[in-house]
Structure formats: structure tokens, C-alpha cells
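In: sequence-free structure coming up:
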């Protein structure tokens, strides 16, 4: 085994539901891990260093870092790169989204703005990293699950728990490729020192492609319930989504999601498998 060049890795965004898995995987792989947040909260067994973007100061100062993993929203990448430069890091892994493709033709101004922000952030990542001498790798995952707090599997699970049935719009069962958070965490450890992955972006899906309706059925069974799907007309479903978006914690729901349920939201893992042995599991929703 080649000697390790990177030892101290920072994780930005410890409040992310992905953070515990990433921090755990890095620690298990032998890296020293320091977390960062704006509030300095404790998460995943570590107390995060507080970073003030206005002054460029850290409390307490973590010392020199070799690499950063950014779990914060990608449009904050300019601030992340500033942190990397201040801390002497020469390596950055960032997370974007395959939504940059799937939402490109959305009728929603909010979603079109999301795509524009993501594309601009990806350009900033590549341009500013080159200027600072930082090697980057960008992951664009599909639907993430496995840690709770996500807006997909957790939403479906909570709906089943509350209503014991899950409504599906007629004619809307596009393909999905959920990716487990642990597979994304392992991918971080595998690319950190892999020069083949430097300055490249990878779309990362799970190891199984299945219709949306089958994904819902599998969540039912994981929780010990017989699947009960309620087909309803798409216009009525859109209305239900609009009404549900007014409830606490569901503001992210939008009628455009109904239209996207007929689309195939999948990724090609070929490049990731070739370059760093990416081999994700099939869709295995953990029991509630």
C-alpha cells in the first residue's frame, strides 16, 4: 500500500444528514477528521469548529488541513474554497446534484433558478480551484436515502405511517435509482488520494434502478406493512401536493414534482466504477 499523503480532513456542513456517514467512513479509514459549521454544534461525535466567513477566522483554529469535504450547498463553494486556502488544503470533494439535469426543463422558476445556481457553482469550483492549486472532485448523487431527514424516502415513510396508504398519480411511475448514504461516504474515502479523480465530476446513482411505484412498495415492506397504493388522477394529486406544502416541514413540496414522477431519474455509474471502484448496493430501505 502506498504511503498516505493526506491525513487531516475537514468536513463542512456537519448538520447535513449525510455528515454522520461521511465522518464515520473517514475516521474508519484512518483520517483525522475535523467538522466545521457556522454555529459550532456537536454532531456525529465531534464538536464542529465555528467559521466566520466575514472575518475568515476559526474558533478554535484547527491547524493545517490536507483536504476538505463539502456537504454544504454547492452555491457556497466560493466560501468553501476560501476556507481551503486559509487552511492550506490542496484537495476538495464537493456534493452537487443530478437535479442540475432533471430540473433543467422545469416549469417552476424556483427549480430553474436552482439549476442556474448549481451550474454557476460548478463553474466557480473548477475555475477557482485551478487558480488556488486545489484539486477537486464533484459528486452529483441521485436520490439519497439511509440516514433519515431526506426529502424522498423519509417523506414516503412518514406518509405511510400517518395514512397507511400512499397515493400515486396515474401514469406517473418513472424509474428511480436511490443511493445509500454509506456508499457516498465510502466514495469520499476512495477518491481523496486517487489522482485519476482529480478535477472531475461524477454522477452517482445507487446499484439498482426500479420504478417509483416499486420503490414505494419496498418501503412499505421494510416497515412490515403490505403495500397499499392509491392511484388518483394527476391533477388531483397536484392539488394535494400544493395543499400539503402548506403544512409544517413540507414547504419543499411543489406541484412540479408530480410531473417529474413520470421521468426516469437515473445516473450512469460507469465512470465512477472504472476510476475508483464505485459499487453501490441495491435499494435497501432500512426498517423505520
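Out: Now that the structure is in, tell me what you want to look at. Here the structure is a predicted model, which means the values were calculated and not measured.

In: Just the buried positions in stretch 193-207, please.
Out: For stretch 193-207, burial by neighbour count (16 or more other Cβ atoms under 10 Å) applies to 193, 197, 201-207. (C-beta placed from N, C-alpha, C; glycine too.)

In: Show me those residues that map onto strands.
Out: With DSSP state E as the criterion, strands contain 201-204 from among the buried residues of stretch 193-207.

In: Same list (those residues) but as JSON lines, adding distance to residue 58.
Out: Formatted as JSON lines, those follow (distance: Cβ to Cβ, whole Å):
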{"residue": "201", "distance to residue 58": "29"}
{"residue": "202", "distance to residue 58": "30"}
{"residue": "203", "distance to residue 58": "33"}
{"residue": "204", "distance to residue 58": "30"}
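
In: and these as CSV, adding pLDDT and distance to residue 115?
Out: Listed next are these as CSV, based on pLDDT from 0 to 100; distance: Cβ to Cβ, whole Å:
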residue, pLDDT, distance to residue 115
201, 98, 15
202, 98, 19
203, 98, 15
204, 98, 18
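
In: Relative to residue 107, which of those residues is nearest.
Out: Distance to residue 107, by Cβ to Cβ, is smallest for residue 203 among those, at 23.7 Å.

In: dump the residue contacts of the closest one.
Out: The contact partners of residue 203, taken as Cβ atoms under 8 Å, 6 or more residues apart in numbering, are 98, 140-142, 267-269, 271-272.

In: Let's see that with 7 Å instead.
Out: The contact partners of residue 203, by Cβ atoms under 7 Å, 6 or more residues apart in numbering, come to 98, 140, 267-268.

In: so residue 168, which of the three states?
Out: Secondary structure of residue 168, reduced to three states by DSSP: H, G, I helix; E, B strand; the rest coil: strand.

In: Not counting residues beside it along the chain, what's closest to residue 22?
Out: Sequence neighbours aside, residue 185 is the residue nearest to residue 22 in space, at 4.5 Å (criterion: Cβ to Cβ, 6 or more residues apart in numbering).

In: so the strand or helix carrying that neighbour versus strand 200-204, what angle?
Out: Following DSSP states H and E, one finds residue 185 within helix 181-191. The directions of helix 181-191 and strand 200-204 differ by 160 degrees, with axes from the mean of the first three to the mean of the last three Cα atoms, to 10 degrees as the criterion.

In: what residues does helix 181-191 touch?
Out: 18, 21-22, 24-26, 29, 69, 93, 137, 139, 141, 144, 146-147, 197, 204, 276-278, 280-281.

In: quick one: low-confidence ranges for the chain?
Out: Across the chain, the ranges flagged by pLDDT under 70 are 1-4, 44.

In: all helices for it, in order.
Out: Under the criterion DSSP state H, the chain carries helices at the ranges 19-28, 77-87, 99-102, 109-132, 153-163, 181-191, 212-222, 234-244, 256-260, 270-276.

In: Contacts only, for residue 148.
Out: Residues in contact with residue 148 (Cβ under 7 Å, 6+ apart) are 17, 154.

In: Kindly report the same for the one 4 residues further on.
Out: Residue 152 makes contact with 143, 145 under the criterion Cβ under 7 Å, 6+ apart.
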